[in-house]
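Chemist: From the sequence below, what's the structure:
(chains A and B)
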There are 2 protein chains.
Amino acid sequence: MTNLPSNKITVLCGGVGAAKLLTGLVTVTDSSEVTAVVNIADDTTFHGLHISPDLDTVTYTLAGEINPATGWGLKDEGWKAMEMVRRYGGIDWFQLGDRDLGTHLYRTQRLSEGASLQEVTEEITRAWNLSVTILPASNDPIKTVVTTDLGEEIGFQDYFVRLSHDVTVSDIRFEGIHNAKPSLGILEKIQEADAVIIAPSNPIVSIAPILEIPGIREALQDQRGRVTAISGIVGGRALKGPADRLLQELGYEPSVVGVARLYRDISSTLVIDEVDIDDKQRVEQEGIECVVTNTIMSNPKAAAALCQTVLNLGS
Amino acid sequence: MTNLPSNKITVLCGGVGAAKLLTGLVTVTDSSEVTAVVNIADDTTFHGLHISPDLDTVTYTLAGEINPATGWGLKDEGWKAMEMVRRYGGIDWFQLGDRDLGTHLYRTQRLSEGASLQEVTEEITRAWNLSVTILPASNDPIKTVVTTDLGEEIGFQDYFVRLSHDVTVSDIRFEGIHNAKPSLGILEKIQEADAVIIAPSNPIVSIAPILEIPGIREALQDQRGRVTAISGIVGGRALKGPADRLLQELGYEPSVVGVARLYRDISSTLVIDEVDIDDKQRVEQEGIECVVTNTIMSNPKAAAALCQTVLNLGS
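Modeler: Below is the predicted model:
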């Protein structure tokens, strides 16, 4: 059916950056052997609906349905429901398009019927005819709680969307994570993988809440030689979102070296962008191999080239 | 501000028929003195959202936003969310338009924050600039449970929408009603009313679950002389919905006489349609005064004329 190489590849994913990586990946390897393990710690409830932003961004992107202007949400979207919520003076800062709402309605209904998030995700993935296996990091609730420098604890979407992450953070914790289990199959998908890729997602709020689920870090450590991380920090800045600020505010170096320190125990290789070539040696001094390439996925071709580079590392 | 007579009028309401009556009523009397007490026993939860069909039909109709083609739902409606639900194979027989969803989102959010249904209803009413006071019959959950002739118990919307009420009913009960309280102000609105009107709604599934809330029937009995019911049965048929079948299946006569028997203890007058003039005497034999007029609210003018007739009864 496919002439692409058939490698078992497991990708740890946040939202937009990971979704771009996956669209490249499925053009250079057999997508039916690709597993995306997706962060769920920024899942939230608005208006009674269970919303899984990262799962939806990955799904919509792979389905070719993502809104290209934003990198999240759906194309051909309508806003009639939100206009009504606004009329009522309801919460309108978390934008939920009419099509997008259909996903949240379905997910919430199925969860209320007792289906696991994993089962619902599989159903949604199937409806979009995706061959990539998309696994929520856990079926158990994990909630990213952000402490601001004023000592206030707020939910992740309050931080990320309502406050546009324009606030100083003094702490981040993942409520529920110590009692959470990896969703079914994740540990096997790590253990059996020919390659594990850590997507260039936010290491603090997208990747960490996957790694800290009991069992996942250990499984990665056992596979360390096959794990490659891609730095989401380029030239000291996050390409998108607050990763650079968060690293700094939480005491990490906002650079590829800071990223290397976060991943060196689970990953044998860090892929950094060409603009960071001067940091290559410092990365390697952290005990992690360093590959320099173009990591900016400005289009699907660039994403595919990055994925090809990563896959070639193992051969 | 208004030259209309200022009478305190309380109307017991189901959905479509009551909504039509109210649109007539506000043209012949000061709307700020009108209170609509609305059935909530057909409230339901789909996709995690609290849906109050009768409250919404009354609100949307008074707001001039109702879909005139159906008598329920909103005009200028979109269906993007439902299309997605359908793609996922979710529950799509209960149609929720995109604009309509905005109401359910807002209501569900506010209820989850601890607001009462009454408070939320007031907020929604205010957002539509309505001067009629709309009160849910209760802030406590009441669920109409329908037993079919196969002995199966189903929810009201399963009966009404999914099965298009095309099934024989052997019993109807209102789960939770004995522990439910009238929402705040209802008893006073009945006690202080110059006139109480029982809208031509379904007596079995719209009006009964208001009457059976502890305290309401007694309050109406005390005011019986000021209570007028309008028969929703015309020529032995319900103008809309399954009232005629339900009356028959549950052992009542599907006629204005059957309606008279249901209301005679709380209402001094029954308004029946001209086509039923031959039943006038039989109605009066039930110990209830009978007024014959055109009850078919084919347009707002006809609704207004019917309301004027009812209001004139008291003077």
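
Chemist: Looking at the closest residue in space to residue A:277 that isn't next to it in sequence now. What's its pLDDT?
Modeler: In space, residue A:277 comes closest to residue A:292 once its chain neighbours are excluded; the distance is 5.1 Å by CB to CB, 6 or more residues apart in numbering or on different chains. For glycine as for every other residue, the C-beta is placed from the backbone atoms N, C-alpha and C. With respect to pLDDT, residue A:292 scores 98.

Chemist: Can I take it that residue A:292 is in a helix?
Modeler: No. Applying DSSP: H, G, I helix; E, B strand; the rest coil, one finds residue A:292 to be strand, outside a helix.

Chemist: Just the helices from the stretch 101-250 of chain A, written as ranges.
Modeler: With helices called from DSSP state H, counting those that start in this stretch, the stretch 101-250 of chain A shows them at A:117-127, A:156-157, A:186-191, A:208-211, A:216-222, A:243-249.

Chemist: Could you dump those helices into a markdown table with distance to chain B and mean neighbour count added?
Modeler: Listed next are the helices of the stretch 101-250 of chain A as a markdown table, based on distance: least, CB to the nearest CB, whole Å; neighbours: other CB atoms under 10 Å in any protein chain shown:
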| stretch | distance to chain B | mean neighbour count |
| --- | --- | --- |
| helix A:117-127 | 5 | 20 |
| helix A:156-157 | 14 | 20 |
| helix A:186-191 | 23 | 19 |
| helix A:208-211 | 24 | 23 |
| helix A:216-222 | 28 | 17 |
| helix A:243-249 | 29 | 21 |
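
Chemist: Let's have those in TSV, adding mean pLDDT.
Modeler: Formatted as TSV, the helices of the stretch 101-250 of chain A follow (pLDDT from 0 to 100):
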stretch	mean pLDDT
helix A:117-127	98
helix A:156-157	93
helix A:186-191	98
helix A:208-211	98
helix A:216-222	98
helix A:243-249	95
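
Chemist: wait, which of those helices is closest to residue B:105?
Modeler: Counting by CB to CB, residue B:105 lies closest to helix A:156-157 out of those; the figure is 15.5 Å.

Chemist: could you show me where the strands are in chain A, in order?
Modeler: All strands of chain A, identified by DSSP state E, fall at A:9-13, A:34-38, A:44-46, A:49-51, A:133-136, A:143-148, A:153-155, A:169-175, A:195-198, A:227-230, A:233-234, A:237-238, A:269-273, A:289-293.

Chemist: Just the CA atoms from the last one would do, formatted as PDB, please.
Modeler: The one in question is strand A:289-293. In PDB, the C-alpha atoms belonging to strand A:289-293 read as follows (Å, rounded to 0.1, in the frame of the first residue of the first chain):
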ATOM      1  CA  GLU A 289      24.500  14.300  21.000                       C
ATOM      2  CA  CYS A 290      23.700  17.400  19.000                       C
ATOM      3  CA  VAL A 291      22.500  17.500  15.400                       C
ATOM      4  CA  VAL A 292      22.300  20.900  13.600                       C
ATOM      5  CA  THR A 293      19.700  21.400  10.900                       C
END
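
Chemist: where does the stretch 1-150 of chain A come near chain B, residue by residue?
Modeler: A:45-50, A:77-78, A:80-85, A:87-91, A:96-106, A:108-112, A:123-124, A:127 (CB under 8 Å from any CB of the partner chain).

Chemist: Make a PyMOL selection of the buried ones in those.
Modeler: In PyMOL, this line selects whichever of those come out buried by 16 or more other CB atoms under 10 Å in any protein chain shown:
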select buried, chain A and resi 45+46+47+48+49+50+77+78+80+81+82+84+85+87+88+90+91+96+97+98+99+100+101+102+103+104+105+106+108+109+110+111+123+124+127
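
Chemist: what's in contact with stretch A:291-302?
Modeler: The contact list for stretch A:291-302 (CB atoms under 8 Å, 6 or more residues apart in numbering or on different chains) reads A:17, A:20-21, A:23-24, A:27, A:200, A:228, A:230-231, A:234, A:239, A:269-274, A:276-277, A:280, A:303, A:305-306, A:309, A:313.

Chemist: and the end-to-end length of that stretch?
Modeler: 16 Å (CA to CA, to the nearest Å).

Chemist: Give me the buried positions along it.
Modeler: Buried, per 16+ other CB under 10 Å, within stretch A:291-302: A:291-292, A:295-297.

Chemist: nearest to chain B, of these?
Modeler: residue A:297 (27.3 Å; CB to the nearest CB).

Chemist: Which single one of the buried residues of stretch A:291-302 is nearest to residue A:215?
Modeler: For those, the nearest to residue A:215 is residue A:291 (27.9 Å; CB to CB).

Chemist: Okay, and the beta partners of that closest one?
Modeler: With DSSP bridges applied, residue A:291 shows beta-bridge pairing to residue A:271.

Chemist: that older thread, select only the buried ones of the contacts of stretch A:291-302 in ChimeraX?
Modeler: Buried residues within the contacts of stretch A:291-302, by 16+ other CB under 10 Å, are selected in ChimeraX with:
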select /A:17,20,21,23,24,27,200,228,230,231,234,239,269,270,271,272,273,276,280,303,305,306,309
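
Chemist: Does residue A:217 touch residue A:211 like I think?
Modeler: Yes. Counting by CB atoms under 8 Å, residue A:217 touches residue A:211, with 4.9 Å between them.

Chemist: Give the residues shared as contacts by those two.
Modeler: residue A:266.

Chemist: circling back: got a markdown table for the helices of the stretch 101-250 of chain A, with distance to residue B:137 too?
Modeler: Listed next are the helices of the stretch 101-250 of chain A as a markdown table, based on distance: least, CB to CB, whole Å:
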| stretch | distance to residue B:137 |
| --- | --- |
| helix A:117-127 | 35 |
| helix A:156-157 | 36 |
| helix A:186-191 | 49 |
| helix A:208-211 | 45 |
| helix A:216-222 | 51 |
| helix A:243-249 | 51 |
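
Chemist: Among these, which comes closest to residue B:149?
Modeler: The nearest among those, by CB to CB, is helix A:117-127 at 34.7 Å.

Chemist: who touches that closest one?
Modeler: Against helix A:117-127 from outside (CB under 8 Å, 6+ apart): A:40, A:52, A:55, A:59, A:103, A:106-107, A:110-111, A:115, A:132-136, A:138-139, A:183-184, B:87-89.

Chemist: Let's have the strands of chain A in TSV, adding distance to residue A:188.
Modeler: Putting the strands of chain A into TSV (distance: least, CB to CB, whole Å) gives the following:
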stretch	distance to residue A:188
strand A:9-13	10
strand A:34-38	10
strand A:44-46	29
strand A:49-51	26
strand A:133-136	11
strand A:143-148	26
strand A:153-155	32
strand A:169-175	23
strand A:195-198	12
strand A:227-230	15
strand A:233-234	31
strand A:237-238	32
strand A:269-273	22
strand A:289-293	26
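
Chemist: Thank you, goodbye.
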